[in-house]
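> Have a look; sequence and predicted model below, questions after that.
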Amino acid sequence: MTDEHGAACGCNEYQELSRREFLSTTAGISGSVYAASAFPGWLPRVVLAEHYSATRDVMVSVFQRGGVDGLAMCIPFTDPAYYAGRPTIATPAPDSLAANRAIALDGTWAIPPGMLGVGPAYEAQDMLIAHAVGLTTKSRSHFDAQRWMEVGKMADPNLVTGWLGRHIASVPPMRADALLRGMGVASGLPKTLVGAPKTLPIPDPANYTLAGSSSTRTARLSVLEGDYGLTAEPLRSNALDAVNTIELLATLGINQYVPANGVVYPNTAFGRALRSVAALIKSDIGLEAAQVDIGGWDTHAQQDPNAGAMFALMQNFAGSLGAFWADVIDTGYPATLVAVSEFGRNVRENGSAGTDHGRGTTMFAMGRSIAGGRVLADWPGISQDQLEDNQDLQVTIDYRDILAEIVQNRLENPNLGVVFPGYTPTFRGVTR
């Protein structure tokens, strides 16, 4: 497996992870609900009457798959243990004369040059970086840690729905006529969204259609609508929702979407995915949540956060988030974006100039109602005697604390016991 830059992606376990299966539990609306005349010809006819009628934010969930090295993303530059443990992969301190020196966020924390794309959102106090975050139940398995994080509960094989799926299922739709309440930008529905009504996996929203010749597309869609209209539930509704969503997205013309403020998204899979999510949010079709993945973070060898593979990956990640902020959040659209990863990396670099599976890592939250412009940390330290198992940054903030506060305060869902069963969160002032 390789990432979109062509770099090898991590350990054997990560390479063997199977594709997520397509699971949908949607309730149905049949017929071609939306006429082409009702939707963009991109901008300015994009804001419909209902756009600001709902006070809930649209949730954009980003999963950084592979295990992010949080110490490379947000650097404790005043701690000598950081430099002692990373003689070849540390980013030089902000007061260094090195060309690739870090950029100070305050007197304790800094970001590397690869993360400059999030600088404007952070300076506008719309971005929060949380550190020493993660699962409070230890796992060094990508498969287990990702699953636990996505379902919102550790080590429970009986829980099969995702935390974001249960959120959507436990609140009324933002638009009563919405065909698409949730979307995973993926070939199979991400576990995070499993259980959500009117939710589909859509690998490329800008080009979502039936495979085969375009000359017979309309006829084949009509046949499918006729065939599935006679089948039993839930297959009937699921199939018709998918067919109607194909027609809906075709009317939007996402390829012609012009971002606000002259924003140019990175021409990467991740950048294009966030651009499509931005277009759907602005179209006001009733989308309530989107899940987007960015892989390649399993940096066991030749990590090089200053000029190599991880530097390019951080540029893609930060540049895409920065574009989304300027295009959507800074222009006033109600959206919150959160980026998580299944675990962090060892504090000390390994013999291959990389880092192995660890524990605590970073988490990013971005939105107009996020209390940003700061690093949130109950910092345990990274000196040898402060490390978990003598090698890892401890987890001092459960990732669900951050998500739960956003779910209640920005997504207006008080059903936290449904979204995160068996867990009582601690609110940490993430939202304004």
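Noted; the coordinates are in hand. All of these numbers come straight from a predicted model, not from anything done at the bench.

> Residue 339 belongs to a helix, doesn't it?
No. Per DSSP: H, G, I helix; E, B strand; the rest coil, residue 339 lies outside any helix segment and is strand.

> from here on, count from 50
Shifting the count to begin at 50 puts that one at residue 388.

> shouldn't it be in contact with residue 369?
No. With contact defined as Cβ atoms under 8 Å, residue 388 and residue 369 do not form a contacting pair (10.2 Å). All C-beta atoms are positioned from the backbone trio N, CA, C, and that covers glycine.

> Compare the two and say which is more crowded by neighbours.
Applying other Cβ atoms under 10 Å to residue 388 and residue 369 shows that residue 369 carries more neighbours, namely 25 against 22.

> Grab the nearest non-local neighbour of that one.
In this structure, residue 369 finds its nearest non-sequential neighbour in residue 320, 4.4 Å apart by Cβ to Cβ, 6 or more residues apart in numbering.

> Doesn't the one you found lie inside a helix?
Yes. Assessed by three-state DSSP, residue 320 belongs to a helix.

> Could you find the closest non-adjacent residue to the residue nearest the centre of the chain?
Centroid check for the chain by Cα atoms, centre = their mean gives residue 111 as the closest residue, at 0.6 Å. Among residues not flanking residue 111 along the chain, residue 388 sits closest, at 3.9 Å (Cβ to Cβ, 6+ apart).

> and the one you found, what pLDDT?
As predicted, residue 388 sits at a pLDDT of 99.

> who's in contact with it?
111-113, 366, 370, 412-414 (Cβ atoms under 8 Å, 6 or more residues apart in numbering).

> And the helices in the stretch 200-349 of the chain, which stretches?
Per DSSP state H, counting those that start in this stretch, the stretch 200-349 of the chain carries helices over the ranges 212-218, 266-277, 284-301, 318-332.

> Out of those helices, which one sits most buried?
Greatest average neighbour count among the helices of the stretch 200-349 of the chain goes to helix 212-218 (a mean of 26), per mean count of other Cβ atoms under 10 Å.

> which helices and strands does it pack with?
Here helix 212-218 touches strand 107-113, strand 231-233, strand 338-343, helix 448-458, helix 465-468, going by 3 or more Cβ pairs under 8 Å, 6 or more residues apart in numbering; DSSP states H and E.

> just to revisit the earlier point, show me what contacts the residue nearest to the centre of the chain?
340-343, 370, 386-389, 413.

> any idea how far residue 311 is from it?
For residue 111, the distance to residue 311 equals 23 Å [Cβ to Cβ, to the nearest Å].

> Likewise for residue 234?
With distances taken as Cβ to Cβ, residue 234 is found 24 Å from residue 311.

> ok, the two, which is more surrounded?
residue 234 (21 against 8).

> Which residue comes closest to the more buried one once chain neighbours are left out?
Counting by Cβ to Cβ, 6+ apart, residue 322 is the residue found nearest to residue 234 once chain neighbours are left out, at 4.3 Å.

> next one: residue 474
Nearest one to residue 474, counting by Cβ to Cβ, 6+ apart, is residue 453 at 3.6 Å.

> ditto for residue 256
residue 304 (7.4 Å).

> about what we covered before: how about the contacts made by the residue nearest to residue 474?
465, 468-469, 472, 474, 476 are the contacts of residue 453 under Cβ under 8 Å, 6+ apart.

> so the residue nearest to residue 234 sits right up against residue 328, yeah?
No. If you go by Cβ under 8 Å, residue 322 and residue 328 don't touch, sitting 10.9 Å apart.

> pLDDT below threshold where in the protein?
50-58, 63-103, 259-261, 266, 269-270, 272-274, 276-279, 283-289 (pLDDT under 70).

> Could you report the separation of the nearest residue to residue 209 once chain neighbours are set aside from residue 200?
Distance criterion Cβ to Cβ, 6+ apart; nearest residue to residue 209, sequence neighbours excluded, is residue 243 at 6.6 Å. Separation of residue 243 from residue 200 (Cβ to Cβ): 8 Å.

> what sits in contact with each of the two?
By Cβ under 8 Å, 6+ apart, the residues touching both residue 243 and residue 200 are 209-211.

> Buried ones among these?
210-211 (16 or more other Cβ atoms under 10 Å).

> nearest to residue 218, of the shared contacts of residue 243 and residue 200?
residue 210 (7.7 Å; Cβ to Cβ).

> Pretty sure that closest one sits against residue 248.
No. Residue 210 sits out of contact with residue 248 when judged by Cβ under 8 Å, with a separation of 11.1 Å.

> re the thing from before, just give me the closest of the contacts of residue 111 to residue 135.
Within the contacts of residue 111, the smallest distance to residue 135 is 21.6 Å, found for residue 413 (Cβ to Cβ).

> Make sure the closest one is indeed in a strand.
Yes. Counting by three-state DSSP, residue 413 falls inside a strand.

> If we ignore the residues flanking it in sequence, what's nearest it?
residue 388 (4.2 Å).

> Kindly report the same for residue 110.
That would be residue 340: by Cβ to Cβ, 6+ apart, it lies 4.8 Å from residue 110.

> show me where the protein has strands.
Secondary structure of the chain (DSSP state E): strands at 107-113, 124-125, 152-153, 158-160, 176-183, 231-233, 248-250, 338-343, 384-389, 410-415, 423-425, 446-447.

> Would you format the ones you listed as CSV with distance to residue 360 included?
Below are the strands of the chain laid out as CSV (distance: least, Cβ to Cβ, whole Å):
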stretch, distance to residue 360
strand 107-113, 15
strand 124-125, 14
strand 152-153, 14
strand 158-160, 12
strand 176-183, 18
strand 231-233, 28
strand 248-250, 31
strand 338-343, 15
strand 384-389, 18
strand 410-415, 16
strand 423-425, 21
strand 446-447, 27
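
> For residue 458, find the nearest of the ones you listed.
Per Cβ to Cβ, nearest to residue 458 of these: strand 384-389, 9.6 Å.

> how far off strand 338-343 does the closest one point, in degrees?
On the basis of axes from the mean of the first three to the mean of the last three Cα atoms, to 10 degrees, strand 384-389 is oriented at 40 degrees to strand 338-343.

> Relative to strand 384-389, what are the paired strands and their orientations?
Here strand 384-389 has these sheet partners by DSSP bridges: strand 107-113 (parallel), strand 410-415 (antiparallel).

> and among those strands, the most buried is which?
Counting by mean count of other Cβ under 10 Å, strand 410-415 has the highest mean neighbour count of these, with a mean of 28.
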